[in-house]
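> Fold the following.
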Amino acid sequence: MSTVATDDHHDDHQESPYSIKRWVFTTNHKDIGTLYLWFSFIMFLIGGVMALIIRTELFEPGMQFVDPQFFNSMTTMHAIIMVFGVVMPAFTGLANWLIPMMIGATDMALPRMNNWSFWILPFAFAMMMSTLFMDGGGPAGGWTLYPPLILQTGDAFPFVILAIHFMGLSSIMGAINVIATVLNMRAPGMTLMKMPLFVWTWLITAYLLIAVMPVLAGGVTMLLTDKYFLTSFFNAAGGGDPVLFQHIFWFFGHPEVYILILPSFGVISSIIPTFARKPLFGYASMVYATGSIAFLSFIVWAHHMFTVGMPLAGELFFMFATMLIAVPTGVKVFNWVATMWRGAMTFETPMLFALGFIIMFTIGGFSGLMLALAPVDFQYHDTYFVVAHFHYVLVPGSVFAIIAAVYYWLPKWCGNMYNEGLGKLHFWLSTIFVNLTFFPMHFVGLAGMPRRIPDYALQFSDYNMMATVGAFGFGFAQLIFLYVVIQAIRSGNKATSQVWENAEGLEWTLASPAPYHSFTTPPVVK
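Alright, predicted model coming up:
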């Protein structure tokens, strides 16, 4: 797949690159992709500061720095910001930049809506963060917003709900745009089964978004009416059931975690073949595996709810359905490893982050398989083991894939090369500290430390100190990333044609005959 140069036919390119008007009114997919990526990074720093406040309080037992209400607000907002303000906008930014170029389109199908779907986000997050300054403080019900706890939130509550509606609206518009672009604007000859895997993973993700964001919207609207309009959807005193909210939330929430990880699979499937100098192993099986994961994600939601008292048949169904997801995920990991097998690998920064992704995402996958076992989950539920599990999937998973994508495509985007030495330093510091932060959480979780608490028993203090040191190390390592990106944009060496020639890594195999070990038919010796 060679990159098709797009025709920058938009009026906004007549503007100075630094003019505010260009960025506010732009309908150019590259500009909007850039806006999404920078917004995502700013929110990454804000959400990261909230995580550091949490970890500072947990450095040792006792209440040192913040009161419990503010601590709860930090855990709630850290999660909402990282999910809706960092990972999803970053992948939408990558989609905006890459999908039109990968399928040979001139732009996204709906450029004005593209502009709108971005500009909703800064206002949504400004509204949500402003709740910290309202009477009663910010939302404090955990990121899952469970009633009745979330209903204790003070004046902030309706603002949080409205902000979540805006975030969902932005996501749905972005998803509609991706589907319309991919299905209608592919270049002649670009059939669905010839699309780069990044495009495939985003197409499937877009369908997931359209299916589940309205479910979240319905759930939070029911919360709103319970608090202000005397309905009793989740109020047991009025005949409602708080467990109903859990069903609604997780019917959204489980496909959501695949919305956060499927585009990562597309990124990794672009990077691994390039630095292994081989075509991706098992392209069709990767497409079908992605579709299988998306389908199965809709029928596993209650594995988050094993402890609510569901019937045994329900526990068995959700346990087996959850374990089934390990099969297509395992296919993907196998195919990435098979792509690298006997390839001519080099280890530039994007490849390092991709390898880190595979190894640590697999650790998260194994702990997820443990959590899928209903009898075992009764011990793990609501402990730090769960926190360790989903952070292993989302930090070395989603976040590492986003960072890998930026390093990989940055020379194409800005025409300059990044500093390879600093990039590798960023990788090693990030990897060491992310493991120092989250691996000890498995141990304190298995020992019984509950999650979402500002204080804890003395026996958990050593591992919590390690986790806090790791969190600060990881946070400060990201400042290296910021420096590397700005340096590359402003003054990096000009990128040459030597820079990975295309998104699918096929340049090497097209330029020279493939060796017989790269899963082609061996040459016949006469």
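> switch to C-alpha atoms for all contacts and neighbour counts from now on
OK.
> mean confidence for the lengthiest helix in the chain?
When the chain is parsed with DSSP state H, its longest helix is helix 242-276. Confidence for helix 242-276, expressed as mean pLDDT, is 96.
> Quick check: buried residues in that helix?
Judged by neighbour count using 16 or more other C-alpha atoms under 10 Å, the buried positions of helix 242-276 are 243, 245-276.
> Count residues in the vicinity of Gly421, would you?
The number of residues packed around Gly421, counting by other C-alpha atoms under 10 Å, is 12.
> distance of it from Thr205?
34 Å (C-alpha to C-alpha, to the nearest Å).
> next one: Leu94
Note on Leu94: its distance to Thr205, by C-alpha to C-alpha, is 13 Å.
> Equivalent analysis for Phe390, please.
Distance from Phe390 to Thr205, counting by C-alpha to C-alpha: 19 Å.
> And for Val376?
Distance of Val376 to Thr205, computed by C-alpha to C-alpha: 31 Å.
> same check, this time on His442
When distance is defined by C-alpha to C-alpha, His442 is 30 Å away from Thr205.
> quick one, which of the two is more surrounded?
With other C-alpha under 10 Å as the criterion, His442 and Thr205 differ in neighbour count, and Thr205 comes out ahead with 26 against 20.
> ok, the nearest residue to that one once chain neighbours are set aside to Gly137 distance?
What sits nearest to Thr205 in space, not counting adjacent residues and going by C-alpha to C-alpha, 6 or more residues apart in numbering, is Ile259, at 5.4 Å. Distance, Ile259 to Gly137, using C-alpha to C-alpha: 30 Å.
> what do you get for Phe317?
As judged by C-alpha to C-alpha, Phe317 and Gly137 stand 40 Å apart.
> before we move on, what about Tyr207?
36 Å.
> Ok, Thr231 next?
Counting by C-alpha to C-alpha, the gap between Thr231 and Gly137 amounts to 25 Å.
> quick one: which of these two has more around it?
For Thr231 and Gly137, the more surrounded residue by other C-alpha under 10 Å is Gly137, and the numbers stand at 19 against 16.
> Isn't that one up against Gly154?
Yes - Gly137 sits in contact with Gly154 when judged by C-alpha atoms under 8 Å, with a separation of 7.0 Å.
> Trp413: which element?
helix 400-414 (DSSP states H and E).
> Quick check: buried residues in the next helix or strand after that helix?
The helix or strand immediately downstream of helix 400-414 is helix 420-446, counting by DSSP H and E. The neighbour-count criterion (16+ other C-alpha under 10 Å) identifies 423-424, 426-431, 433-446 as the buried residues of helix 420-446.
> what does stretch 133-149 give?
136-143, 145-148.
> Tell me who's in contact with Leu132.
If a contact means C-alpha atoms under 8 Å, 6 or more residues apart in numbering, then Leu132 has 73, 138, 156 as its contacts.
> So it versus Phe159, what's the distance?
As it turns out, when the distance is counted by C-alpha to C-alpha, Leu132 lies 11 Å from Phe159.
> now swap in Gly48 and tell me
With the distance defined as C-alpha to C-alpha, Gly48 ends up 22 Å from Phe159.
> more crowded one of the two?
The neighbour comparison of Gly48 against Phe159 (other C-alpha under 10 Å) goes to Gly48, with 21 against 18.
> Could you double-check that that one sits in contact with Gly473?
No - between Gly48 and Gly473 there is no contact under C-alpha under 8 Å: 11.5 Å.
> Show me where the stretch 51-200 of the chain dips below the pLDDT cut-off.
By pLDDT under 70, the stretch 51-200 of the chain contains no weakly predicted segment.
> just the strands in it please.
With DSSP state E, counting those that start in this stretch as the definition, the stretch 51-200 of the chain shows no strands.
> ok, back up a step: by contact count, what packs against the longest helix of the chain?
Counting by 3 or more C-alpha pairs under 8 Å, 6 or more residues apart in numbering; DSSP states H and E, the packing neighbours recorded for helix 242-276 are helix 88-103, helix 197-228, helix 283-296, helix 312-340, helix 349-372, helix 400-414.
> ok, 6 Å please
Taking 3 or more C-alpha pairs under 6 Å, 6 or more residues apart in numbering; DSSP states H and E as the contact definition, the neighbouring helices and strands of helix 242-276 are helix 197-228.
> Just the angle for the helix it packs on relative to helix 242-276, thanks.
Counting by axes from the mean of the first three to the mean of the last three C-alpha atoms, to 10 degrees, helix 197-228 lies at 160 degrees to helix 242-276.
> and helix 197-228 with helix 88-103, angle?
Orientation check (the same axes, to 10 degrees): helix 197-228 against helix 88-103 gives 150 degrees.
> Number the residues from 643 up from this point.
Okay, residue one is now 643; in that scheme the one you just asked about reads as helix 839-870.
> and helix 839-870 with helix 925-938, angle?
Orientation of helix 839-870 against helix 925-938 (the same axes, to 10 degrees) gives an angle of 10 degrees.
> tell me which residues of helix 839-870 are tucked away?
Across helix 839-870, burial judged by 16+ other C-alpha under 10 Å covers 839-852, 854-859, 861-866, 868-869.
> Equivalent analysis for stretch 998-1008, please.
Buried residues in stretch 998-1008, counted by 16+ other C-alpha under 10 Å: 998-1000, 1002-1007.
> so can I have TSV of those residues showing pLDDT?
Below are those laid out as TSV (pLDDT from 0 to 100):
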residue	pLDDT
Gly998	98
Phe999	98
Ile1000	97
Met1002	97
Phe1003	97
Thr1004	97
Ile1005	97
Gly1006	97
Gly1007	96
